[in-house]
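Asks: Here is a sequence together with a model predicted from it:
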Amino acid sequence: MKKILVLFLLVSFIVKAQVYEVLVETKHKIDYTEKGLEFFKNIQDPEQRKWNIEQNSNPPALDFKIYSSKTEQNTFEQEKINNEQEYKGSIKKSVPGLSFGYSYTSFSENANYLPIDIYGKKYTIKSDLKKLEWNFTSKTKDILGYKTYKATTKFDKFDLEIWFTKDIPFNFMPANIQPIDGFVLEMNYYIVHEVGKINNFVRVQSLKEIDKYKFKKASNAPIITEEDSEKLFEEANKKRNEMYNNNNDVDKK
């Protein structure tokens, strides 16, 4: 009887997966140069031009809720509703490595699956988690009561710094990047470009370990690459423009 009880407890321990629920805030910001502001000079209405500059340089922050285990991860964009009467709408901008909507990551496959819709046709973009070479430093700072360490690397054209802690016994990365040995609580992507300084921030707002979570996997839609999706969008936009021009020609006759 004791052996059965011990076996049951052992099986229960194995079945229970460690899952963290993490809320992160992301922010995209551009400090435009005079050359960067030239992009908006064709907008004649001063108020409309001012709105476009503000929305592109300082769009509203986006929140994501992430569920992560040692084998898989879900990322969900959190919908925000603005009920202000004078609200004119906003331009959404995410940060590198985090996409709108939801995505599913399989760490065993080292892959991320992102469902997309191209004018009514559904696809799933499969992309590899980026493997980066990190420079670990001795610099530290306190985040959410945890002692964190700074590491730096390159992410495409961006300089990237992260702040991670060893105080949480779990490897967590809030982006489509291979996790490091540690729990990342903050990410800063930045680049100085001729249009201005571009900053992208990812900051953990809260985290907790939860008992149960059923991961939402990728749909059965056709799997394509990021390059395929760009071609499909380009083709779809070309067809829509041709239809629009043809209809205008009919109206003129």
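Replies: Received, thanks.

Asks: Looking at Lys92 now. What's its pLDDT?
Replies: What the model reports as pLDDT for Lys92 is 82.

Asks: same check, this time on Asp249
Replies: Reading off the model, Asp249 has pLDDT 56.

Asks: Return the set of residues that bridge with Lys130.
Replies: Ile177 (DSSP bridges).

Asks: Equivalent analysis for Val192, please.
Replies: If you apply DSSP bridges, the partners that Val192 bridges to are Lys197.

Asks: Check the burial of it by counting its neighbours.
Replies: Residues near Val192, counting by other C-beta atoms under 10 Å, number 11. (Glycine included, C-beta is placed from N, CA and C.)

Asks: How about Phe164?
Replies: 26.

Asks: From Ala175, how far out is the residue nearest to it when sequence neighbours are not counted?
Replies: The shortest distance from Phe164 to any non-neighbouring residue, by C-beta to C-beta, 6 or more residues apart in numbering, is to Gly182 (3.7 Å). Distance from Gly182 to Ala175, counting by C-beta to C-beta, to the nearest Å: 14 Å.

Asks: higher neighbour count, those two?
Replies: Neighbour totals were compared for Gly182 and Ala175, and Ala175 leads with 26 against 22 (other C-beta under 10 Å).

Asks: residues in contact with the residue nearest to the more buried one when sequence neighbours are not counted?
Replies: Once flanking residues are discounted, Ala175 sits nearest to Gly97: 3.2 Å by C-beta to C-beta, 6+ apart. Applying C-beta atoms under 8 Å, 6 or more residues apart in numbering to Gly97 gives the contacts 130, 155, 175-177.
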